[in-house]
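1. model this:
(one chain, ligands or ions: 1)
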Amino acid sequence: MLVVFGSINADLVFPVEHLPAAGETVLCPRFLFRHGGKGANQATAAARAGAKVLFAGCIGRDPWGAVLRAGLVEAGVDTSLLRESDQPSGTAVVMVAASGENAIVVAAGANGEATAAQVPDGLLGRETTVLCQNEVPLRESTALLARARARGARCLWNLAPATQLRSELLAEIDALLVNAAELHTVAGDRSGEAAERAMALHRQYGCAVVVTLGAEGALLAARGRLLHQPALAVDVVDTTGAGDAFAGVFAAALDRGTSWEAALAEAAVAGALACTAVGARSGQPDRAAILARLSHLPAARILEG
Ligand code: RIB
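-> The predicted model follows:
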């Protein structure tokens, strides 16, 4: 069973020719509503990939709240740990350029009221995987991960968006998932390329370190070994939520008992396919679609170990 603790947002998606520079106004014909929030996106990606998923987060008692809950239910996510707050539902402005790259602003709203206490101890055991991100209060994620760890659950942390944190916290988790920019923040003044930094963190704290590199694929530092998984080639429409699809499917695979390496491959396929439609969740594949594309994925290469 997978417990995802994190954010849930209404994404207002503005398809623009290019991302505006500071002080610039750009026009687009209309905006689109899409389901979003890193936590909720990861929960739906995992559920579509076949995991039993509970989502713990917070929505507003506003019309968006009901819509956001329905999006989780439609994807097969258990919402019994979802709470309502007097704050407005989380909202994100997502600008997507013709190149597929994006820029996002999130108004946290109800996400700021999500608490670790929403997840009862009874759900945290050896059969549980817990997946957190960083769009709800950091103290709540760390509190949940500490309780989960103490009870023997597998603990995964997608530190997105990244903040500087006490790096000893990395010794408390099984895997850290970050993109290259986030790795830079977490690794502090450690020098070198992403591969060296990932391996340095893995050696120092023992947790597996997974780094997503967009079109360059992903790195996995685990059990003293560093792997590079090249990306699946796709026609990119929108990269929003690619990291979420990756993290959700990675967690779902580990929760099923899959090896780190196989989980990396499945996640790489899901992350790529998520880029083929507009919106964070629109391109999320189901398990059959992931399996169908695995054979198209270039083989991973051992870089070290
Ligand atoms: O990772 C993409 C997500 O980031 C969007 O869905 C947006 O809501 C923000 O949380």
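
2. For Leu165, list the residues it contacts.
-> Neighbouring residues of Leu165 by C-beta atoms under 8 Å, 6 or more residues apart in numbering: Leu138, Leu159, Val186. Backbone N, C-alpha and C define where each C-beta goes, glycine included.

3. quick one: which of those is nearest the ligand?
-> Minimum distance to the ligand across the contacts of Leu165 is 12.7 Å, recorded for Leu159 (C-beta to the nearest ligand atom).

4. wait, the closest one sits on Leu138?
-> No - in terms of C-beta atoms under 8 Å, Leu159 does not count as a neighbour of Leu138; the distance is 9.5 Å.

5. between the two, who's got more neighbours?
-> Leu159 (23 against 13; other C-beta atoms under 10 Å).

6. Retrieve the pLDDT associated with that one.
-> Per-residue pLDDT puts Leu159 at 95.

7. could you pull out the strands for the stretch 1-150 of the chain?
-> Listed in chain order, the strands of the stretch 1-150 of the chain (DSSP state E, counting those that start in this stretch) span residues 2-5, 9-16, 32-36, 53-56, 58-60, 83-85, 90-97, 102-107, 129-132.

8. average model confidence for the first one?
-> Right, the one you point to is strand 2-5. Confidence for strand 2-5, expressed as mean pLDDT, is 98.

9. What residues of it count as buried?
-> By neighbour count on 16 or more other C-beta atoms under 10 Å, the buried set for strand 2-5 is Leu2, Val3, Val4, Phe5.

10. mind checking the end-to-end distance for stretch 284-300?
-> Chord length of stretch 284-300, first to last residue, is 22 Å (C-alpha to C-alpha, to the nearest Å).

11. Of all residues in the stretch 1-150 of the chain, which one is closest to the ligand?
-> Closest residue of the stretch 1-150 of the chain to the ligand, C-beta to the nearest ligand atom: Gly36 (2.6 Å).

12. Distance-wise, check that residue relative to Ala107.
-> Using C-beta to C-beta, to the nearest Å, Gly36 is found at 12 Å from Ala107.

13. which residues are common contacts for those two?
-> Common neighbours of Gly36 and Ala107, using C-beta under 8 Å, 6+ apart, are Ala92.

14. who has more neighbours, those two?
-> Using other C-beta under 10 Å as the criterion, Gly36 and Ala107 rank with Gly36 on top: 29 against 15.

15. of the contacts of Leu165, closest to Leu81?
-> Leu81 lies nearest to Leu138 out of the contacts of Leu165, by C-beta to C-beta, at 19.2 Å.

16. So that closest one is in contact with Gln164, correct?
-> No - counting by C-beta under 8 Å, Leu138 stays clear of Gln164, with 10.5 Å between them.

17. what sits in contact with each of those two?
-> Taking C-beta under 8 Å, 6+ apart as the contact criterion, no residue touches both Leu138 and Gln164.

18. So which other helices or strands are in contact with the helix or strand of the chain with the lowest mean pLDDT?
-> Lowest on mean pLDDT, DSSP states H and E among the helices and strands of the chain sits helix 180-187, with a mean of 92. Helix 180-187 sits against helix 194-205, strand 208-212, with contacts defined as 3 or more C-beta pairs under 8 Å, 6 or more residues apart in numbering; DSSP states H and E.

19. okay, now the closest residue to Ala98 other than its chain neighbours: neighbour count?
-> Spatial nearest neighbour of Ala98, excluding adjacent residues (C-beta to C-beta, 6 or more residues apart in numbering): Glu17 at 5.4 Å. If you count neighbours by other C-beta under 10 Å, Glu17 ends up with 10.

20. Isn't Glu17 up against Val96?
-> No - the pair Glu17 and Val96 fails to qualify as a contact (C-beta under 8 Å) at a distance of 10.4 Å.

21. before we move on, the earlier item: pairing partners for the closest residue to the residue of the stretch 1-150 of the chain closest to the ligand other than its chain neighbours in the sheet, please.
-> Excluding the flanking residues, the one nearest Gly36 by C-beta to C-beta, 6+ apart is Asp11, at 3.3 Å. Per DSSP bridges, the residues bridged to Asp11 are Arg34, Ala92.
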